[in-house]
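Visitor: I would like to see how this sequence folds:
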Amino acid sequence: MADRPALDVIFIEGFVGHTVIGIHETELHRAQPLVIDVHAGLARARACDTDRIADTIDYGAVCERLRRLLAEHELQLLEAFAEAIADIVIREFGAIWVRVKVAKPRKFDDVNAVGVQIERRAPPDETLSSHSGAVLRLIGSGMVPE
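Guide: Next up, the predicted model:
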């Protein structure tokens, strides 16, 4: 484990949005609530040193992207929806690791929630390009990375 870089986890918990998703006829005609938790890992976020939002994951930007996904997707299963979120957080926001939990609260009268939780890692080549992008942002800001 000593060869692994430090991991900073940026998180959003309890994000609530409404969307049409499901496989049952009762779910396909009106939006229902989803509760989403996202934990995104960065290899020691540069923002710890620079205090700049450009050097980390912007929670607000992720929330906006989640709202757009809720409005535009055509998925049926929570598993596919969680996978779409994981892909967005890795590809668009540069996370090297992500854990996504998507729940339908009160889907059944006798349970609090049903849902899925997944974890994904960025492919090594994407981690490198994400890091390269962060380095270019630092150079452009006048800072030189170590």
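
Visitor: the spatially most central residue of the chain: what secondary structure?
Guide: Centroid-nearest residue in the chain, with CA atoms, centre = their mean: residue 89, separated by 4.0 Å. What DSSP: H, G, I helix; E, B strand; the rest coil gives for residue 89 is helix.

Visitor: which residue ranges of this protein form helices?
Guide: Secondary structure of the chain by DSSP state H: the helices cover 47-50, 59-72, 78-91, 124-140.

Visitor: ok, back up a step: confirm for me that the residue nearest to the centre of the chain is in contact with residue 42.
Guide: No - applying CB atoms under 8 Å as the test, residue 89 and residue 42 come out as separate, 10.5 Å apart. Where you see a C-beta, it was placed from the backbone N, CA and C, and this is true even at glycine.

Visitor: and for the two, which residues touch both?
Guide: Jointly contacting residue 89 and residue 42 under the rule CB atoms under 8 Å, 6 or more residues apart in numbering are 57, 95.

Visitor: just to revisit the earlier point, least reliable of the helices of the chain going by mean pLDDT?
Guide: Mean pLDDT per stretch puts helix 124-140 lowest among the helices of the chain, at a mean of 52.

Visitor: spit out the contact partners of residue 8.
Guide: With contacts defined as CB under 8 Å, 6+ apart, the neighbours of residue 8 are 41, 42, 43, 44, 45, 48, 56.
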